[in-house]
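[1] sharing a model that was predicted from the sequence below.
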Amino acid sequence: MSHARKIGIAAVVAALVLLFAIAVPFGDELQPGGATKALSNVKQVGLALRLYADDFHGLLPASLQALLPDYISSSGKSLIDDLEFLTPGANLDEIDPKTPMLRSVSPIDGRVVVVRADDSVELRPRK
């Protein structure tokens, strides 16, 4: 085998190793039900809460069920079933923007997704 061919094979192997190293940390987020999907779903409910508060002079609903069907379609009911609503009935204009409004724990990997009053989303590692 020539020296140039060995270098070519080594370059291909190095490229494959690099691609594998990049893909592995994000593998569970690419699977259905992974962290990316959970983050997106909780963020959507957070935005629905903001829309509700805009329509009701800053007041959040007493429960997430109040978002159905005007702010979340009935087919999206499953989005709210596993969420913990941390600020029911609060006035969005009067609470600290960093106050957590929603929390969800992924049943797949135990990660926690939190949506704050300022619409920021945090993905906390599994405990």
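    Right, received. Where do you want to start? Residues are numbered from 1 along each chain as shown.
[2] isn't E94 up against L60?
    No. Counting by C-beta atoms under 8 Å, E94 sits too far from L60 to count as a contact (10.6 Å). Backbone N, C-alpha and C define where each C-beta goes, glycine included.
[3] show me where pLDDT drops low in the chain?
    Residue ranges of the chain with pLDDT under 70: 1, 3, 6, 10-13, 15-35, 76-77, 127.
[4] so where do the strands sit in it?
    Along the chain, counting by DSSP state E, strands occupy 84-85, 100-105, 112-116, 121-124.
[5] want to try CSV for these, with mean neighbour count and distance to V45 as columns?
    CSV is the format used below for the strands of the chain (neighbours: other C-beta atoms under 10 Å; distance: least, C-beta to C-beta, whole Å):
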stretch, mean neighbour count, distance to V45
strand 84-85, 16, 9
strand 100-105, 19, 6
strand 112-116, 20, 7
strand 121-124, 14, 11
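[6] export the ones you listed to CSV and tack on distance to K37?
    Shown next, in CSV, are the strands of the chain (distance: least, C-beta to C-beta, whole Å):
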stretch, distance to K37
strand 84-85, 18
strand 100-105, 11
strand 112-116, 10
strand 121-124, 12
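[7] residues in contact with R103?
    Shown in contact with R103 (C-beta atoms under 8 Å, 6 or more residues apart in numbering): L83, E84, L86, V112, V113, V114, V115.
[8] roughly how far apart are the last one and S104?
    Look at V115 and S104: by C-beta to C-beta, to the nearest Å, they are 9 Å apart.
[9] now do the shared contacts for the two.
    Counting by C-beta under 8 Å, 6+ apart, the residues touching both V115 and S104 are V42.
[10] how many neighbours does the closest residue to R50 other than its chain neighbours have?
    Distances taken as C-beta to C-beta, 6 or more residues apart in numbering put D119 closest to R50, at 6.5 Å, once the chain neighbours are dropped. Residues lying near D119 (other C-beta atoms under 10 Å) number 13.
[11] got it, and R111?
    R111: 19 neighbours (other C-beta under 10 Å).
[12] wait, it touches A38, no?
    Yes. Using C-beta under 8 Å, R111 is in contact with A38, at 7.3 Å.
[13] what residues are up against A117?
    T87, L92, I95, D96, P97, K98, T99, P100, M101.
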